[in-house]
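[1] just a sequence and a predicted model for now, questions to come.
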Amino acid sequence: MPARRPRLVSVASEELEQAFAELRRTLSLPGDYPAAAVAEAEHAARTVPVDPAASGLADLRDIEFLTIDPEGSTDLDQALHLERSPDGGAVLHYAIADIPAFVEPDGELDAETRRRGQTLYAADGSIPLHPHVLGQDAASLLPGLDRRAYVWRFALDDGARPLATTLTRAVIRSRRQWSYAEAQAAFDDGSAPPSITELSWFGHARRERESERGGASLNIPEVEIEVEDGGYRLRHRAIRPIEAWNAQVSLLTGMAAARIMLDGGVGILRTMPAADADDIAAFRAKTIAIGIPWRFDVPYGDYLGSLPGADAGALAIKDAAGALFRGAGYVAFDGEPPADPVQAAVGAPYAHTTAPIRRLIDRWSLVICEALANGREVPAWARESLPQLPKLMGRAIERANRLENESVDRVEAAVLKGHEGEIFRGTVLREHGDGARVQLSRPPSAITVPGLEAPPGTAVRVRLTSADVGAGEVAFAPVGT
């Protein structure tokens, strides 16, 4: 008997809203911004100079920057301009929002951002790192407005390798805000401006450099919560080419920041240890068992990039590959550099420096790099507080991950509730305890099925036995073939 195709629609229920509210309490998520911190932010928004003459900043408003972000974003951290050179290379300008100008060290706003660590994206509304007056207004690189920014300038060769790098504090003006969907459509139909058109060249060239370094981009489709007509649903969102190309701009900048800090003897890196030989051997054996073997003469990143997107076996392989990307953390140093400064997935030393509106640590990276790049002393406040950052960021990331995962769990349970007894199709990802981890076809959920014995990549059918929205828990049982 074929499995029925359950009718899964978006859900909006009082039970789900209560579950989200309880999750906020359980995770001790921040509430409204403290009045004193908001007052500081409002004062900074009014008084921090933006005019080049008044601020003493470089005037780079003639560069035709643009931003590319998710639909509806207003907290715009980055703007770019990419222009090819007659010799086949290019000049890349990458502007990063100048949040440090608006946050007084050791003030109320600084203290609150350290407590928050990063912007949190909850299903029932985001929780910003900075008050809206800064993060979505005065500091955001909104189009048509003069904005302060740290501007990275990369002179690139014909393989998008940096030949020279500078970092300048400046005033810029973005010409247009593009969503990823708009930018991809314009690239596809040939109507995009040069900065977007040339991202294809840049992205492919930088991907080749990534392969040479031994880095890898996993690019697994994201499971995200979508708000639809007042309700919620889950969907798999594939990564568009323009997003992957744009991500390479941030990667290049993060590697440049790491190199500046290592050369200067002070900073904070995002690190990840390389996978050990036993884990690599186990992963290679799994690819052989699934039937898409990873050959010894193919670099890891190239192998992952070659996997067929819709193939069930490829899905299981990508899930297994995620186990090799483990142990990421932050390492602060002042004097002696870290013994192992490399971020293994990047294949080079790397630092977070391109999202200061949404991530605390980037404020330090920008301030440190700008000082070192221009031959000045690193500000004392940044140097002295460096040792605190790994713990602050570790706590923030743990909370963000729990929020994301447990929000998805609750929407998943709400979508499935009422479908108990129905049969669902899926693909086995891996063994899990006394059962298996299974990726459902619809909804796009990864679930655990006790008692299911099947190798990774196997197509299976499972029956929903229960769905608890408040706890964010669902239960499935295997169905005989």
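    Perfect, I can see it now. Treat the numbers as computed from the prediction; the structure is a model and nothing was measured.
[2] report the beta-bridge partners for H432.
    G435 (DSSP bridges).
[3] from what I see, it and T448 are in contact.
    Yes. Using Cβ atoms under 8 Å, H432 is in contact with T448, at 5.3 Å. To be clear about C-beta, it is placed using only N, CA and C from the backbone, and glycine gets the same treatment.
[4] going by neighbour count, list what's buried in the top strand by length along the chain.
    Ranked by residue count under DSSP state E, the longest strand found in the chain is strand 162-179. Neighbour counts over strand 162-179 (16 or more other Cβ atoms under 10 Å) mark 162, 165, 167-178 as buried.
[5] what's the answer for stretch 125-139, then?
    Neighbour count says stretch 125-139 has 127-139 buried, by 16+ other Cβ under 10 Å.
[6] direction included, what does the longest strand of the chain pair against?
    Using DSSP bridges, the strands paired with strand 162-179 are strand 58-59 (parallel), strand 65-69 (parallel), strand 146-156 (antiparallel).
[7] do you know which of these lies nearest E104?
    With respect to E104, and counting by Cβ to Cβ, the nearest of these is strand 146-156 at 15.1 Å.
[8] may I see the buried residues of that closest one?
    Quick answer for strand 146-156 (16+ other Cβ under 10 Å): R147, R148, A149, Y150, V151, W152, R153, F154, L156.
[9] want to try a markdown table for those residues, with pLDDT and distance to V38 as columns?
    Compiled in a markdown table, the buried residues of strand 146-156 are given as follows (pLDDT from 0 to 100; distance: Cβ to Cβ, whole Å):
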| residue | pLDDT | distance to V38 |
| --- | --- | --- |
| R147 | 98 | 21 |
| R148 | 98 | 20 |
| A149 | 98 | 24 |
| Y150 | 98 | 25 |
| V151 | 98 | 29 |
| W152 | 98 | 31 |
| R153 | 98 | 35 |
| F154 | 98 | 37 |
| L156 | 98 | 42 |
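[10] name the nearest of those residues relative to P444.
    Closest to P444, out of all of the buried residues of strand 146-156 and judged by Cβ to Cβ, is W152, at 36.3 Å.
[11] against H419, how distant is the closest one?
    Going from W152 to H419 by Cβ to Cβ, to the nearest Å gives 50 Å.
[12] residues contacting the residue nearest to A328 when sequence neighbours are not counted?
    Counting by Cβ to Cβ, 6 or more residues apart in numbering, M272 is the residue found nearest to A328 once chain neighbours are left out, at 4.4 Å. Taking Cβ atoms under 8 Å, 6 or more residues apart in numbering, we find M272 in contact with F325, R326, G327, A328, G329, V342, Q343, A344, A345, V346.
[13] list the buried residues for the lengthiest helix in the chain?
    Using DSSP state H, we find that the single longest helix of the chain is helix 389-416. By 16+ other Cβ under 10 Å, the buried positions in helix 389-416 come out as 389, 392-393, 396-397, 399-400, 403-404, 406-416.
[14] equivalent analysis for stretch 417-431, please.
    Of the residues in stretch 417-431, those buried by neighbour count under the rule 16+ other Cβ under 10 Å are K417, H419, E422, I423, F424, R425, G426, T427, V428, L429.
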